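[1] Sharing a model prediction with you, sequence too.
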Amino acid sequence: MTTGSLLTADLVIAVLAAGGWLGGGAASAARRRPLALGLAAFALLATLARAITITALARAGWWFAAEKVLIAAPLSLAAVAVAGPRLLRAAGDIRSVAVPLLFAGYATSGALLVTVLHGYPASAGAGLLTVAGVVAATAVSWRALGARPSRTVSRATLVVAVAALVTGTGLTVAPESVPDVPHDHGYRDARTVGEPTRRFTLTAGTATVRVGGRDVAAWAFDAQVPGPELTATVGDVVEVTLRNRDIGRGVTLHWHGYDVPNSQDGVPGVTQAAVLPGQEFVYRFRADQAGTYWYHTHSVSDVGVRMGLYGVLVVRPGPMTGLDVTVPVHTLGGRPLPAPRTERVEAGTPVRLRLINTDSTTHRYALAGTAFRVAAIDGFDLRGPTSLVDTAVLIPAGGRYDLVFNAPATPVALFVDGRVVYSTGEVSTATTTWPVLDPLHYGVASPAPWSRIDRKFTLVLDRGLDLHELLPRYAHTVNGAADPDIPPQVVRLGDIVRFTIVNRAQVVHPWHLHGHHVLVLSRDGKPAAGSPLWLDSFDVRPGEVWEVAFRADNPGMWANHCHNLAHADAGMTLHLMVS
Ligand code: C2O
Ligand code: CU
């Protein structure tokens, strides 16, 4: 069982246990004896089963089990200790076990709420608040059921509830000090890149574009989705003038995967101000890294990219040889892009398919009709990639794979999620059952470029209630906090930094660090065994733990976020400060 499915199983069992105890309590209050006993027995079993899931989760990593061990387990034990013996002695009036059973129900539900609303890290505050809630709910039920607890019991209950409430609230609300980070744009002139050799102008504006035979309202660069393809050759100085015609919420250009100087990175509020209607901004950077990249707006990025403000950036090492095809996949107005394309290709022609995922979720790509190699991922060449046949690849949000092959005499076709997007003729192959390539076990390994780690950070990804400025929202969180309350990571220029990224949530989080490519060290404790993987976008699936490292060699304040842009907007964004 994977950790992801364990997390789900544990959640389901916890819901069943809570439901069983509460149902049993209600049934006994209504004097439905067999029902009450049945539900209670069921709840007891579910509670015991949780011992198994919680232990397994703790063995997969403390992150997955912390609040379950510290809060859910003690409360469950208390539930069993209080309700169990009463049940055994419930020979007479079944109503006498109603309060113990309800207490068990409140205790299990309270612990469940901690997991759903708060998660990791388990805090004393959350624990105390839960205890206060459980005690208060039990006291209320007790009175409602007409029992007359003795004065001492009532007083003791009140004292426990109030004390837990006060301490818990104090611990939860007390502001964690977010370190003050110098936040000026002193890097703007850090590098002079020389006179531009490639010049482009992109004008952002609302537009109507045709997708799959239907008119779709879009936001577009130069009235087309995707925007114009920008190409350069290594050594070029690229200059792009961005103009905003009428995008009221502002536009910027972020060079996804291109490790440009900080001032050119296009993150509004961090490296520049958003470009408003009528304004312009000029980006300039040296193209010193060949590969497949893309650009997109970073202003209200979730809406902006979804509406169409993106395009391809390809930097070639030298003059083009063979056939070079870019396949930027996107969903616009619910319809898939690009439109399918067929062309004749002479046998023997070297072909490079540049697959780009510009959506916020993973896509599955399958190349049928030929053997191929994955030459590069996220713009970086792989070492010793071997030939693959009938193998699919999964590309995370923001990610790029370059597939290369020599055109056979027979047709080939590229499928994206089962739909043909590019082909050289008719191919009818079922690709949906193909195995998926694991890039951590592809190509030839080489020794790590560093022997030390200077800074370590753990990022635990989850969901949780966030009370920013007292407006509650169910945020996507990192270490229990949501943007803008996640403390920035501060490192020194030249540091070797390691991230341990843990996904406790039920959804995939495609992680993306700006300004740097990270080297994958391990996944779920197993070292990466193939070609060195230098990624800028990688899927951390539910229950997975990734270890990646990089040299912080690009000074500035860098966004570090989930590239499911809806998640990024809903809290899952932090910053790395390199100075
Ligand atoms: Cu492609 Cu910060 O994003
Ligand atoms: Cu995410």
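    Structure's in. What do you need? Ligands and ions are numbered 1, 2, ... in the order given.

[2] neighbours of Thr433, just the number please.
    The burial count assigned to Thr433 is 7, neighbours taken as other C-beta atoms under 10 Å. Placement of C-beta: from N, CA and C, glycine included.

[3] helix/strand/coil for it?
    Under DSSP: H, G, I helix; E, B strand; the rest coil, the three-state class of Thr433 is coil.

[4] Not counting sequence-adjacent ones, nearest residue to the residue of the stretch 301-450 of the chain found nearest ligand 1?
    Nearest to ligand 1, among the residues of the stretch 301-450 of the chain, is Gly398, at 4.9 Å (C-beta to the nearest ligand atom). The shortest distance from Gly398 to any non-neighbouring residue, by C-beta to C-beta, 6 or more residues apart in numbering, is to Ser537 (3.7 Å).

[5] Hmm, the one you found is touching Trp511, no?
    Yes - at 7.2 Å, Ser537 counts as touching Trp511 under the criterion of C-beta atoms under 8 Å.

[6] More neighbours: these two, which one.
    Taking other C-beta under 10 Å, Ser537 and Trp511 do not tie; Trp511 has more neighbours (28 against 22).

[7] Please report how far the more buried one lies from ligand 1.
    Using C-beta to the nearest ligand atom, to the nearest Å, Trp511 is found at 11 Å from ligand 1.

[8] Following element in sequence after the host helix or strand of that residue, please.
    Per DSSP states H and E, Trp511 falls inside strand 509-513. Going down the chain from strand 509-513, the next helix or strand is strand 518-523, by DSSP H and E.

[9] Test for you: state the pLDDT assigned to the residue in the stretch 201-350 of the chain that ligand 1 sits nearest to.
    At 3.7 Å from ligand 1, His256 is the closest residue in the stretch 201-350 of the chain, using C-beta to the nearest ligand atom. The model reports His256 with a pLDDT of 98.

[10] and the closest residue to it other than its chain neighbours, what are its phi and psi?
    Closest residue to His256 apart from its sequence neighbours, by C-beta to C-beta, 6+ apart: Trp294 at 5.0 Å. Phi and psi for Trp294, reported as degrees, to the nearest 10, are phi -150, psi 160.

[11] quick one: Leu459 from Trp63, how far?
    Separation of Leu459 from Trp63 (C-beta to C-beta, to the nearest Å) stands at 10 Å.

[12] same thing with Thr391?
    32 Å.

[13] which one of the two has more residues nearby?
    The residue with more neighbours, out of Thr391 and Trp63, is Trp63; 23 against 18, by other C-beta under 10 Å.

[14] and the residue of the stretch 401-550 of the chain nearest ligand 2?
    Of all residues in the stretch 401-550 of the chain, His509 sits closest to ligand 2, at 3.4 Å by C-beta to the ion.

[15] Point to the residue nearest the middle of this protein.
    By C-alpha atoms, centre = their mean, the chain has its centre lying nearest to His509, at 1.8 Å.

[16] hang on, that one packs against Asp462?
    No - here His509 does not reach Asp462: they are 9.6 Å apart, not a contact under C-beta under 8 Å.

[17] Give me the common contacts of these two.
    His476 (C-beta atoms under 8 Å, 6 or more residues apart in numbering).

[18] can you pull the contacts of Ser537?
    Contacts of Ser537 by C-beta under 8 Å, 6+ apart are 256-257, 378, 396-399, 510-512, 563.

[19] So which of the residues you listed belong to strands?
    Among the contacts of Ser537, the subset assigned to strands under DSSP state E consists of 256, 510-512.

[20] for stretch 215-227, what is the average pLDDT?
    97.

[21] again with stretch 106-119
    91.

[22] Please export the C-alpha coordinates of it as CSV.
    Output in CSV follows, covering the C-alpha atoms of stretch 106-119 (Å, rounded to 0.1, in the frame of the first residue of the first chain):
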residue,chain,number,x,y,z
TYR,A,106,-16.6,13.9,20.0
ALA,A,107,-13.0,12.8,20.8
THR,A,108,-12.6,11.0,17.5
SER,A,109,-14.3,13.8,15.5
GLY,A,110,-12.1,16.4,17.2
ALA,A,111,-9.0,14.5,16.3
LEU,A,112,-10.3,14.2,12.7
LEU,A,113,-10.9,17.9,12.5
VAL,A,114,-7.3,18.5,13.5
THR,A,115,-6.1,16.4,10.6
VAL,A,116,-8.5,18.1,8.1
LEU,A,117,-8.1,21.7,9.3
HIS,A,118,-4.6,21.9,10.6
GLY,A,119,-2.5,18.9,9.8
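
[23] quick one on the thing from earlier: need the residues touching each of Leu459 and Trp63.
    Val502.

[24] Look at Gly61 and say how many residues are nearby.
    By other C-beta under 10 Å, 18 other residues sit near Gly61.

[25] mind checking the SS state of Ala17?
    Secondary structure of Ala17, per three-state DSSP, is helix.

[26] My error: substitute Ala27 in the last question.
    helix.

[27] pLDDT value on it, please?
    At Ala27, pLDDT is 94.

[28] Ligand 1 versus the nearest residue to it once chain neighbours are set aside, what's the distance?
    Leaving aside its sequence neighbours, Ala27 sits nearest to Ala36 (C-beta to C-beta, 6+ apart; 3.8 Å). Applying C-beta to the nearest ligand atom, the value for Ala36 to ligand 1 is 55 Å.

[29] Each with direction, which strands does the helix or strand Thr292 falls within pair with?
    Per DSSP H and E: Thr292 is located in strand 291-296. Next to strand 291-296 in the sheet, as set by DSSP bridges, lie strand 254-256 (antiparallel), strand 310-316 (antiparallel).
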